[in-house]
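*Asks:* Show me how the following folds:
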Amino acid sequence: MSDVLIEAVGVTKHYGKFAALGGVDLKIRRNTVHSVIGPNGAGKTTLFHMLTGTGMTTGGRILFDGHDVTREPDHKRVQRGMARSFQVTALFASLAVRENLRVAAQGVSPRQAMNCWRAPVGELACTQIVDEVLQRIGLERLANTAAGELSHGQQRRLEVGMALAARPKAIFLDEPTSGMGIDDLDDMKQLIRGLRDAHTVVLIEHNMNIVMDISDTVTVMQLGRVLAEGLPGDIRADARVRTAYLGNMITGGKA
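*Replies:* Below is the predicted model of the structure:
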């Protein structure tokens, strides 16, 4: 089994004459936290769309766990073992935390997810998976609370939990700490760091303290291309990165 779980080979994405991605090569190793950073407009979210199947590439190839998934839609990639959270929290606000996780767990199997004629009991309750995820994200005591009543930080953790409930090989997290207060940041950081025990994490994040603290590899993007890639310490010291966008910000705060 290859050490590389996800590979992008010469991936391009054009919108008319505009090249959002200009030929991206990327290798993401199993059981690592791989962060993608760069300023607004660098192509980070577009790359996420291409890797997860939310959008289709103009050119290049995407390999996942040895399979060419370039032309596969997002739901097929979910079944192969991809899960994703988005920059804007997307939860079922009126459903309890437990029910949000159950729906996510069922979503891997469309035949179960769309079965409206059976009550979610027995196998459909996905009890074991839900209980494991509740413990992992630290929301056991809020299991029966409506998601809309959670704090912003708790909602962000629940969204990560919904990705986990799909039992993925790879989890794509798009700015999971966005809008969080300082008290919630440590909880999220510890959660993400612990995910690599059983998952591969691909992270878009603007908080450089978190990126440098939890990443195994950092890819820096600029204008739709990879500018630099390496260990956090190497990226921190890279003159091109500092000149391009981080400057003094790489020592703390956001970029």
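
*Asks:* Could you list the low-pLDDT ranges of the chain?
*Replies:* Counting by pLDDT under 70, the ranges of the chain that qualify are 1, 86-89, 108-125, 245-255.

*Asks:* Break down it into its strands, ranges please.
*Replies:* Using DSSP state E, the strands of the chain run over 4-15, 18-29, 33-37, 59-64, 67-68, 82-85, 170-174, 200-204, 217-222, 225-230.

*Asks:* Partner strands of the first one, with direction?
*Replies:* With DSSP bridges as the test, strand 4-15 is paired with strand 18-29 (antiparallel), strand 59-64 (antiparallel).

*Asks:* What residues sit buried inside that strand?
*Replies:* Within strand 4-15, the residues that count as buried by 16 or more other C-beta atoms under 10 Å are Val4, Leu5, Ile6, Glu7, Ala8, Val9, Val11, Thr12, Lys13. C-beta here means a position set from N, CA and C on the backbone, and glycine is covered the same way.

*Asks:* so who does the nearest residue to Arg102 once chain neighbours are set aside touch?
*Replies:* Leaving aside its chain neighbours, Arg102 sits nearest to Cys126 (5.2 Å; criterion: C-beta to C-beta, 6 or more residues apart in numbering). Counting by C-beta atoms under 8 Å, 6 or more residues apart in numbering, Cys126 makes contact with Leu101, Arg102, Ala105, Gln106, Ala165.

*Asks:* Please repeat the previous calculation with a cut-off of 7 Å.
*Replies:* Cys126 sits next to Arg102, Ala105, Gln106 when contact means C-beta atoms under 7 Å, 6 or more residues apart in numbering.

*Asks:* if I look at the first one, how far off is Leu191?
*Replies:* Arg102 sits 20 Å away from Leu191, taking C-beta to C-beta, to the nearest Å as the criterion.

*Asks:* cool, the last one as well?
*Replies:* According to C-beta to C-beta, Gln106 stands 23 Å off from Leu191.

*Asks:* Next: Asp234.
*Replies:* 26 Å.

*Asks:* okay, those two: which has more neighbours?
*Replies:* Using other C-beta atoms under 10 Å as the criterion, Asp234 and Leu191 rank with Leu191 on top: 20 against 13.

*Asks:* Test my guess that that one contacts Arg157.
*Replies:* Yes: counting by C-beta atoms under 7 Å, Leu191 does reach Arg157; the two are 6.4 Å apart.

*Asks:* Next, show the common contact partners of these two.
*Replies:* With C-beta under 7 Å, 6+ apart, Leu191 and Arg157 have common neighbours Ile137.

*Asks:* Any idea what Val202 is bridged to?
*Replies:* Counting by DSSP bridges, Val202 forms beta bridges with His34, Phe172.

*Asks:* With adjacent residues omitted, what lies nearest to Thr32?
*Replies:* According to C-beta to C-beta, 6+ apart, the nearest residue to Thr32 is Asp216 (4.0 Å).

*Asks:* quick one: the one you found and Val33 touch, right?
*Replies:* Yes: counting by C-beta under 7 Å, Asp216 does reach Val33; the two are 5.3 Å apart.

*Asks:* neighbour-wise, which of the two wins?
*Replies:* Comparing Asp216 with Val33 by other C-beta under 10 Å, the one with more neighbours is Val33, at 24 against 16.

*Asks:* I am finished for the moment; much appreciated.
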